[in-house]
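**Student:** Got a predicted model here, sequence first, then my questions.
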Amino acid sequence: MTARLSRESTTVAPGRWQLLPMRFHRFDGDCILLTNLVGEHVFLPEKEFLAVVDGSCADQHVLAELRAKHLIQLPGERLPAELLAIKLRTRLRRLPDSTGLHMFVVTLRCEHTCRYCQVSRQSSAKSEYDMSQDAAQRSLELVFRSPSPHLKLEFQGGEPLLNFPLVKWIVAEAKRMNQAYGKRLAFVIATNLALLDDEVLEFCGREDVYLSTSLDGPADLHNGNRRRPGQDSWEQTVAGIRRIQDSLGPDRVSALMTTTEASLDRAHDIIDAYADLGLRRVFLRPISPYGFAIRRRGGGGYDVERWLEFYQAGLDYIIDLNRRGVPMVETYAAIIAKKMFTNDDPGYVDLTSPAGIGLGALVYNYDGDVYASDEGRMLAEMKDHTFRLGNVHTSSYEDIMLGEQLLQPLEQSLTLSAPMCSTCAFEPYCGADPVFHHATMNDFVGQKAMSAFCQRNMGVFTALFRRVRNDSFAKELFWNWAQQ
Amino acid sequence: MMKMSGRTRPDGLPGELDPDIWRVCGPDENPANLPLACLVSDQQAIPPGHQLYLTRDPDTHAPGALLRLPPELTHLAPGDIIGTSSDGRRVSVLWKSTATHNSLLLTEQCDNYCLMCSQPPKDRDDSWLFDRARQIVSLLPPSATSLGLTGGEPTLHADALISLLEHCRDTAPRVQLHLLSNGRRFADVGFARRYAQIDNADIMVGIPLYAPEPGLHDYIVQARGAFDETVHGILNLAALSQRVEIRIVIQRHTVPVLQDLAVFIASNLPFVDQVALMGLEMTGLARPNSAEVWIDPADYQPELTSAVRTLASAHITTRIYNHQLCVLNEQLWPYAVRSISDWKNDYLDLCQACSVREICGGIFTTSGSRLSRDLHAITTHSQQAAAPDSTLAAASVMPGRPVALAAEHTSAVG
């Protein structure tokens, strides 16, 4: 039987295609990374890329791949634009459901004196740094104004367990108020675990409260960064993690690390420390440029290049662990992978556009001040009140969410319009960080050519794409992380 | 392999047999108002009052018209539905109540002309097929749980299809329906809405998609613009909350794009209810086109594995049909469904020694001589350890061609 339609007649004739919105990035020599509006991507040799653009490409495999990824279409086709629109809508669908994360700084007091800490007060006897029940009540009233159907309340400090009675009161009150709202509530206590006791454990088990802690790696590194009387922060934290895992379950505690100069050569040790505790996620975070940390003695005296080396060493070690059958996820890569391989925006407040300030998170400080982000609160500790949106005692929800204090940085920093972001091939994976750029450049948008935020994230995107391109195991691993 | 038709010897026919479709019943069942053919034997008291009797015994006599069944039809049992020729000399089985899959052919017309079509389209008036389907649905035994509706392209006859689906909803509401369609008609929002408004309790449309872009898909289905309409159809069905299965027939052209197609589905159509990866059935157009479409399953295991992992990790229910376990990468066994229609299913001599034979799909008896070079008995495997999920198999839908056409395809594999 002969085909009625020949294969040739269904291929793309020379020069007959139209380019759909695409951005590109020169990548490792003559390789070009092409991305579309929603983060679908193709690698092409420069020669083919130019041929696609000037209409001379004759490689049907290339043209078919570009059609499948909605980077080109034939005249008159409707489907590619419709599918792109559906995918873009899907990515943005959570925008109207704003503010899922609400951070309560229930006290500034802390018994640790960490080198990189921006905010805590050692004077842990002074209750003037505690949040009052009245402030908590007013904060909760604002929390429940948020449209998001999921509300996560995170207790921050200082060390929130130093004001544990208020934590308990807020959890009970939030659940009581929620009977009228029907939201999905989640609670997390961000604690160094030194004060973990039976009462806290019992409470977290009974009330379904999760615990998040800081673990910087092995004992010497951790204790060098995180100082407390007795120099036993690591021992306390590790014992606390084990207690929670044993009594509440392995998924009830997670840990975050902060990278200091002393961490930079020790990516493997840090990851091993997590693996030894049965923790399956590591978040290889850079130090934030705020607070005490921006000064050299805070451990932040390293540049982006050094951090990227550290990040890649850690990432490769994690990939190898997985290759050997040890499951371990690097959280930052997983967040970006979700944007590379799905239409889901993970809603990570530091890497989303519009920015996560206010829309993704709100911070209720111990004194009733409301901040657009945790970093905004830290800037305030350095006397910069740019991201103070109001005070729970005097401001309405509308004052906070619709004031210029929030709208200006949001509107100015949108990546789809910001200079150098709007044309960047990595834009679908990146985000707007007006707080960082304000803190470092005194401008919500910033000059991206000199932005450490941009340099760091470009470095991470490049590192991830290089592995996607060259290592099929890593590609499948990132795909799987994206789907979690 | 089970025969689905045979010659019968009529006895005591008053004239032409009318009606021509019957449900087989036992001697205890009342004729009521249904056309029931009562299966009787020497050992039982034969109840009077039936319009038609069937028997396997040479010496039985009945108080009415009687058809004596040939040895190959002794599997007939109460609940089966049969068609009879007007002279009573031929019986074909239209519904086998013990079969896991029963399908009804609704038309042989189609607006696609797929290179590997197992049911080559014929452009002739076959509207009687819809009428017969309607009669069969009316006669479905209470034991019926699922029904496949295939073609051809059933949606070419929009009114007849909508009417049949309404009939299914009204007379057999508990029967799970699986409609095979190329999906193009659903690009018409008006038709998609009519379909959705029937509101069948449990219906899914199986729609083939062969490539992640129009060029290759349109070539495989031999219809320009088909990809565009098919994907639009899937989008419309999803927008109307209708259940959709995507079917990918694995053949020489689709193997190289299997992974890209999996990514395309995960990115663009992640809402589908399941993706079925189908082994090629070497019958119909696949035979004359075999040089172009045939590929030994042993030669595409890496591509299949990668596509299945891509889909499954994206939380898309993924199933593999029409594959023998001995050829399938063992990682894929949990996705394999024992799917080949009973009447098309057979085993080779070498299968006798196989330890997983009972959970294997077997081979298509219609697949001619194109068998994988990798077929072999698995003797080392514990059946318990790696058995494909039997609940998956039980919940599966029915691939392959309809039982109704069985008579034309009974030649066994050599």
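**Tutor:** It's in.
**Student:** Quick one: the helices in the stretch 251-400 of chain A, in order.
**Tutor:** Using DSSP state H, counting those that start in this stretch, the helices of the stretch 251-400 of chain A run over A:267-276, A:304-323, A:331-341, A:374-381, A:397-402.
**Student:** right, so of those, which gets closest to chain B?
**Tutor:** Closest to chain B of those, according to C-beta to the nearest C-beta: helix A:331-341, at 7.8 Å. Quick note: C-beta positions are derived from backbone N, CA and C, even for glycine.
**Student:** which other helices and strands contact the closest one?
**Tutor:** For helix A:331-341, the packing partners by 3 or more C-beta pairs under 8 Å, 6 or more residues apart in numbering or on different chains; DSSP states H and E come out as strand A:281-282, helix A:452-470, helix A:472-483.
**Student:** so which of these is the most packed in?
**Tutor:** Counting by mean count of other C-beta atoms under 10 Å in any protein chain shown, strand A:281-282 has the highest mean neighbour count of these, with a mean of 22.
**Student:** what helices or strands is that one leaning on?
**Tutor:** The elements that strand A:281-282 packs onto, with contact taken as 3+ C-beta pairs under 8 Å, 6+ apart, are helix A:267-276, strand A:329-330, helix A:331-341.
**Student:** if we can go back for a sec, tabulate the helices of the stretch 251-400 of chain A in a markdown table, adding columns for mean pLDDT.
**Tutor:** Shown next, in a markdown table, are the helices of the stretch 251-400 of chain A (pLDDT from 0 to 100):
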| stretch | mean pLDDT |
| --- | --- |
| helix A:267-276 | 97 |
| helix A:304-323 | 96 |
| helix A:331-341 | 97 |
| helix A:374-381 | 90 |
| helix A:397-402 | 97 |
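**Student:** As JSON lines, the ones you listed with mean neighbour count would be great.
**Tutor:** What follows is these, written out as JSON lines (neighbours: other C-beta atoms under 10 Å in any protein chain shown):
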{"stretch": "helix A:267-276", "mean neighbour count": "18"}
{"stretch": "helix A:304-323", "mean neighbour count": "18"}
{"stretch": "helix A:331-341", "mean neighbour count": "23"}
{"stretch": "helix A:374-381", "mean neighbour count": "23"}
{"stretch": "helix A:397-402", "mean neighbour count": "16"}
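**Student:** So for A:Phe187, which of those helices sits nearest?
**Tutor:** Ranking those by proximity to A:Phe187 (C-beta to C-beta) places helix A:374-381 first, at 17.0 Å.
**Student:** can you list the domain ranges for the chain.
**Tutor:** Using chain A here. A:16-92, A:101-401, A:413-472 (automatic domain parsing).
**Student:** Chain B, not that one
**Tutor:** With domains defined by automatic domain parsing, chain B comprises B:5-95, B:103-403.
**Student:** Out of the ones you listed, which gets nearest to A:Ala463?
**Tutor:** Closest to A:Ala463 of the domains of chain B is domain B:103-403 (C-beta to C-beta; 21.7 Å).
**Student:** which residues sit against the least confident helix or strand in chain A by mean pLDDT?
**Tutor:** In chain A, no helix or strand scores lower on mean pLDDT, DSSP states H and E than helix A:374-381, which sits at a mean of 90. With C-beta atoms under 8 Å, 6 or more residues apart in numbering or on different chains as the contact definition, helix A:374-381 has outside contacts at A:103, A:105, A:118-119, A:156, A:288, A:290-291, A:357, A:361, A:363, A:365, A:369, A:371, A:385-388, A:435-436, A:438-439.
**Student:** from the domains of chain B, which stretch is densest packed?
**Tutor:** In terms of average neighbour count - mean count of other C-beta under 10 Å - the standout among those is domain B:103-403, at a mean of 20.
**Student:** related to what we said a few turns ago, make CSV out of the domains of chain A and add distance to B:Arg224.
**Tutor:** CSV is the format used below for the domains of chain A (distance: least, C-beta to C-beta, whole Å):
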stretch, distance to B:Arg224
domain A:16-92, 11
domain A:101-401, 29
domain A:413-472, 32
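**Student:** Quick one: closest of those to B:Ile82.
**Tutor:** It's domain A:16-92; of these, that one is closest to B:Ile82 (C-beta to C-beta) at 45.8 Å.
**Student:** Let me know which of the helices and strands packed on helix A:331-341 is the nearest to A:Ile400.
**Tutor:** helix A:452-470 (25.2 Å).
**Student:** for that closest one, packing partners?
**Tutor:** For helix A:452-470, the packing partners by 3+ C-beta pairs under 8 Å, 6+ apart come out as strand A:22-27, helix A:304-323, helix A:331-341, helix A:434-441, helix A:472-483.
**Student:** rerun that using 6 Å as the cut-off
**Tutor:** helix A:304-323 (3 or more C-beta pairs under 6 Å, 6 or more residues apart in numbering or on different chains; DSSP states H and E).
**Student:** who's in contact with the helix it packs on?
**Tutor:** With C-beta atoms under 6 Å, 6 or more residues apart in numbering or on different chains as the test, helix A:304-323 has contacts from A:264, A:267-268, A:271, A:284, A:286, A:328, A:330, A:452, A:455-456, A:459, A:463, A:473-474, A:477.
**Student:** Which members of the residues you listed are the farthest-apart pair?
**Tutor:** A:Ala452 and A:Phe473 (31.1 Å).
**Student:** for chain A, what are the nearby residues on chain B?
**Tutor:** Listed as neighbours of chain A in chain B under the rule C-beta under 6 Å from any C-beta of the partner chain: B:212-213, B:215, B:218-219, B:222, B:228, B:231, B:260, B:264, B:268, B:288-289, B:313-314.
**Student:** Looking at those, spot the one nearest B:Ile378.
**Tutor:** Of the residues of chain B next to chain A, the one sitting nearest to B:Ile378 (C-beta to C-beta) turns out to be B:Ser313, at 26.7 Å.
**Student:** show me what contacts the closest one?
**Tutor:** A:480, A:483.
**Student:** wait, which of the domains of chain B is closest to A:Gln408?
**Tutor:** Nearest to A:Gln408, of the domains of chain B and by C-beta to C-beta, is domain B:103-403 at 35.2 Å.
**Student:** Could I have the PyMOL command that selects the buried members from the contacts of helix A:374-381?
**Tutor:** Selecting only the buried entries of the contacts of helix A:374-381 in PyMOL, with 16 or more other C-beta atoms under 10 Å in any protein chain shown as the criterion:
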select buried, chain A and resi 103+105+118+119+156+288+290+291+357+361+363+365+369+371+386+387+388+435+436+438+439
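**Student:** Sort out for me which of the contacts of helix A:374-381 are in strands.
**Tutor:** Secondary structure from DSSP state E places A:103, A:105, A:156, A:361, A:363, A:369, A:371, A:388 of the contacts of helix A:374-381 in strands.
**Student:** Using pLDDT, spot the least trustworthy of those residues.
**Tutor:** When these are compared by pLDDT, A:Gln156 scores lowest at 94.
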